[in-house]
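Colleague: Kindly return the folded structure for what I paste below:
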Amino acid sequence: MEEIIAPVDKALILAELTPDRLQRTTNHGGNEIYVVNWQNAPNTVREIGRLREISFRQAGGSSGLAMDLDEFDTMENPYQQLLVWDPDAQAIIGGYRYILGSDIKIGEDGQPVLATSHMFHFSEEFVKDYIPHTIELGRSFVTPDYQSSKAGAKGLFALDNLWDGLATLMVHHPNMYFFFGKMTMYPTYDPLGHDLILHFLWKHFGGSEDLVQPIDPVIPKLDPRAAGLILKEEEFKKDYVCLKDALKTLGTAIPPLFNSYMQLSPTMKMLGTAVNHEFGEVEETAILINFDELYHEKKSRHVESYMKELLIKLKNRFPNLSSNFKDVLISKMNKRRSSSLSRWHRKKGKEE
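Modeller: Next comes the predicted model:
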């Protein structure tokens, strides 16, 4: 393990967190969402790399380097870094890195050049139909200081703040329909609990197995019949209680990111679990989420709240706008997105 780099001077980070990179304020905690990259904010990205390495080491899996940055963070067309900033403490709370489907290159082998390509093989259908309309997410983290209850509201809403940030991507990129990401399970997690979670995911979110295939797949050791005695309910919410109770008996709980994703959409697809040999042998479970099929309360909490913030700013700049401009603008944006998604479904249907 390399020694982690020293913290980056806050003054250097503040100089890079310019107003044009501010996306929104968060619903809770009074924090701010920024999007930067290695080229326009190198000092901020170094600090992100430092904090990611600290966070992942604490959890039990990491790059082992002085900071967790790789070629995807620093390549010519780099992944973007979405971060949650605490303006009071002048500190990064957490973040994601992401790349838009329109920026994803396809290699000579027909596979997309992605941070997950060493773990998953992508079908021709996924590359052709999904990649152009998909945002790949990765390296989700919350810094240790904000994982503690001592952080108060700032820590309590850290994951919620991250989803405020992801909501801005949905609004800003109407031709992107899906999130493709992964949930990380660390080697230190209870083995039986691990198997129960995988069985639960296959039971309630399994499907589209041909779209993406793990290169080194993880197969639960627990017999499905035994898992069925514990996860005995067909309805998601009831079976979710069974899972939580079983994990509590084992002295553990559903990992926060798994828990967050499970509550996002009834149509989330689990696409298999692979071993990440380049990141401390952690296990990565691939998921695909359709933006427009999020639970209504999630859309309202993260997307619609951002729309209201945008509209208030617009009204402040143009006070003479008609009283119904908000309804008209929202209607036009929703219609544009709906029309774009309908064209995608028609095109995909004809090809099939």
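
Colleague: What is the least confident helix or strand in this protein?
Modeller: One helix or strand of the chain scores below all others by mean pLDDT, DSSP states H and E: helix 153-156, with a mean of 68.

Colleague: next SSE after that helix?
Modeller: Counting by DSSP states H and E, the next helix or strand C-terminal to helix 153-156 is helix 158-172.

Colleague: Surely Ile13 touches Ile48?
Modeller: No: using C-beta atoms under 8 Å, Ile13 is not in contact with Ile48; the gap is 9.6 Å. No exception for glycine: its C-beta is placed from N, CA and C like everyone else's.

Colleague: between the two, what contacts are shared?
Modeller: Residues within reach of Ile13 and of Ile48 at once, by C-beta atoms under 8 Å, 6 or more residues apart in numbering, are Ile92.

Colleague: measure Gly107 to Val113 for me?
Modeller: Gly107 sits 5 Å away from Val113, taking C-beta to C-beta, to the nearest Å as the criterion.

Colleague: ah, wrong one, I meant Tyr34
Modeller: Distance of Tyr34 to Val113, computed by C-beta to C-beta: 25 Å.

Colleague: More neighbours: the two, which one.
Modeller: Tyr34 (24 against 14; other C-beta atoms under 10 Å).

Colleague: Not counting residues beside it along the chain, what's closest to that one?
Modeller: With sequence-adjacent residues excluded and distances taken as C-beta to C-beta, 6 or more residues apart in numbering, Tyr34 is closest to Arg21, at 4.9 Å.

Colleague: try Ile230
Modeller: In space, and not counting its chain neighbours, Ile230 is closest to Ala246: 5.1 Å by C-beta to C-beta, 6+ apart.

Colleague: The residue nearest to Tyr34 touches Asn37, doesn't it?
Modeller: No: in this structure Arg21 lies outside contact range of Asn37 using C-beta under 8 Å: 9.6 Å.

Colleague: quick one, phi psi at the closest residue to Arg301 other than its chain neighbours?
Modeller: Among residues not flanking Arg301 along the chain, Asn27 sits closest, at 6.6 Å (C-beta to C-beta, 6+ apart). Main-chain torsions, Asn27, degrees, to the nearest 10: phi -60, psi -40.

Colleague: ok, Asn27 - contacts?
Modeller: Phe157, Asp160, Asn161, Asp164, Arg301, His302, Ser305.

Colleague: is it true that the fourth one touches Thr26?
Modeller: Translated: Asp164. Yes: contact status for Asp164 versus Thr26: in contact at 4.8 Å, counting by C-beta under 8 Å.
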